[in-house]
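J.: sequence plus predicted model, see below.
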Amino acid sequence: MRDDAYTFLGNSRAGATLFMDVAAFGSDDQARRHALALLGQHDSADIVEVWRAANLIGQIPRPDPAGPAAVGG
C-alpha cells in the first residue's frame, strides 16, 4: 500500500461499519477534511475512522447540527 493511501471507515454509533473509502492525500489534515465530506455524503454514519496503513489517524464524528454556529445565528 502506498504511504499516502488512507482508508476511511464510516461507522454507526453501535460500531457497525456502513461504508469504506480509500483515497490518497498529502497530509493527515487533508484526510480528516475528506472524512468530514464523507459524513456529508453518507447520512447513515455517525463517525469516520481514518487509517493510514495500520495506524489510526483519528475518529471524526458527525458535526453537531446544534453547534456554536447554530446557536449564534
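T.: Noted; the coordinates are in hand. As the structure is a computational prediction, the values presented were derived from the model and not from experiment.

J.: name the helices or strands packed onto the longest helix along the chain?
T.: Scanning the chain for the longest helix, with DSSP state H as the assignment, gives helix 28-41. Taking 3 or more CB pairs under 8 Å, 6 or more residues apart in numbering; DSSP states H and E as the contact definition, the neighbouring helices and strands of helix 28-41 are strand 5-11, strand 17-24, strand 47-52, strand 55-61. Quick note: C-beta positions are derived from backbone N, CA and C, even for glycine.

J.: format those as CSV; extra columns: distance to Leu38, mean pLDDT and mean neighbour count.
T.: Supplementary listing: the helices and strands packed on helix 28-41 in CSV, determined by distance: least, CB to CB, whole Å; pLDDT from 0 to 100; neighbours: other CB atoms under 10 Å:
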stretch, distance to Leu38, mean pLDDT, mean neighbour count
strand 5-11, 6, 97, 19
strand 17-24, 6, 97, 13
strand 47-52, 5, 97, 19
strand 55-61, 8, 96, 14
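
J.: give the buried residues for the longest helix of the chain.
T.: Neighbour counts over helix 28-41 (16 or more other CB atoms under 10 Å) mark 31-32, 34-35, 38-39 as buried.

J.: what is the mean pLDDT for that helix?
T.: With pLDDT averaged residue by residue, helix 28-41 scores 96.

J.: please state the offset of it from the chain centre?
T.: Centroid separation between helix 28-41 and its chain, computed with CA atoms, centre = their mean, to the nearest Å, is 5 Å.

J.: what's the angle from it to strand 47-52?
T.: Relative orientation of helix 28-41 and strand 47-52, computed by axes from the mean of the first three to the mean of the last three CA atoms, to 10 degrees: 150 degrees.

J.: what lies in contact with helix 28-41?
T.: With CB atoms under 8 Å, 6 or more residues apart in numbering as the test, helix 28-41 has contacts from 6, 8, 10, 19, 21, 23, 25, 45, 48, 50, 52, 57-58, 60, 62-63.
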